[in-house]
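> Show me how the following folds:
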Amino acid sequence: NVARGYTFGQPRVGDSTFAGAFRQALGSVPIFRLTQNGDPVPLLPPNGPFEHVGQEVYFHAGGTSYRGCQGSEDPSCARGQTGRLFWLLLRTMVSSASHTNYLPPQSPLQAQCEAAFYP
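Have a look, this model is predicted:
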């Protein structure tokens with residue numbers, strides 16, 4: 001029995017059929033998809049046949065501020081970095097920190113995600 005779920009830097013994981021089946025199976029379960037500035041992985045694979053699942057919570061540079069995003073492809077969240085994808089990938093090849101280091105020590109994750117969507 002899943003009460004809630006959290007992913008960190010999740011790529012697009014399936015097509016529209018998969019996303020629909022995911023929502024049907026877990027529609028009542030809050031799934032938070034955490035993304036952060038500078039991480040190219042949430043931009044992959046390309047949008048089109050692939051879709052995100054879960055509600056995005058976007059952490060700005062430095063990871064100290066965040067926002068709840070609208071829909072699965074909010075241009076003011078991770079998707080807004082699409083124009084920088086080449087450079088983000090290049091930087092990640094040198095240092096994977098933008099994908100592997102999420103959330104510096106701060107208030108509990110659950111409280112942040114729930115505050116963003118359940119005020």
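
> Please report phi then psi for residue 8.
phi -130, psi 110 (degrees, to the nearest 10).

> Counting neighbours, what do you get for it?
Neighbourhood size, residue 8 [other CB atoms under 10 Å]: 19. Quick note: C-beta positions are derived from backbone N, CA and C, even for glycine.

> That one and residue 28, how far apart?
Using CB to CB, to the nearest Å, residue 8 is found at 22 Å from residue 28.

> Tell me who's in contact with residue 19.
Applying CB atoms under 8 Å, 6 or more residues apart in numbering to residue 19 gives the contacts 51-53, 72.

> Which residue ranges of the protein form helices?
16-26, 85-94, 97-100, 109-117 (DSSP state H).

> Show me the one of those that comes nearest residue 38.
helix 97-100 (4.0 Å; CB to CB).

> quick one: contacts of that closest one?
Counting by CB under 8 Å, 6+ apart, residues outside helix 97-100 touching it are 9, 36, 38-41, 88, 91-92.

> related to what we said a few turns ago, and which of the contacts of residue 19 is nearest residue 1?
residue 53 (18.8 Å).

> where does the protein have its least confident helix or strand?
Across the helices and strands of the chain, mean confidence by mean pLDDT, DSSP states H and E is lowest for helix 109-117: a mean of 64.

> residues touching the closest residue to residue 89 other than its chain neighbours, list them.
Among residues not flanking residue 89 along the chain, residue 40 sits closest, at 4.9 Å (CB to CB, 6 or more residues apart in numbering). The neighbours of residue 40, taking CB under 8 Å, 6+ apart as the test, are 81, 85, 88-89, 92, 98-99.

> Show me which of those are buried.
The neighbour count (16 or more other CB atoms under 10 Å) marks 81, 88, 92, 98-99 as buried among these.

> Excluding chain neighbours, what is closest to residue 91?
Nearest one to residue 91, counting by CB to CB, 6+ apart, is residue 98 at 6.7 Å.

> Brilliant, that's me finished.
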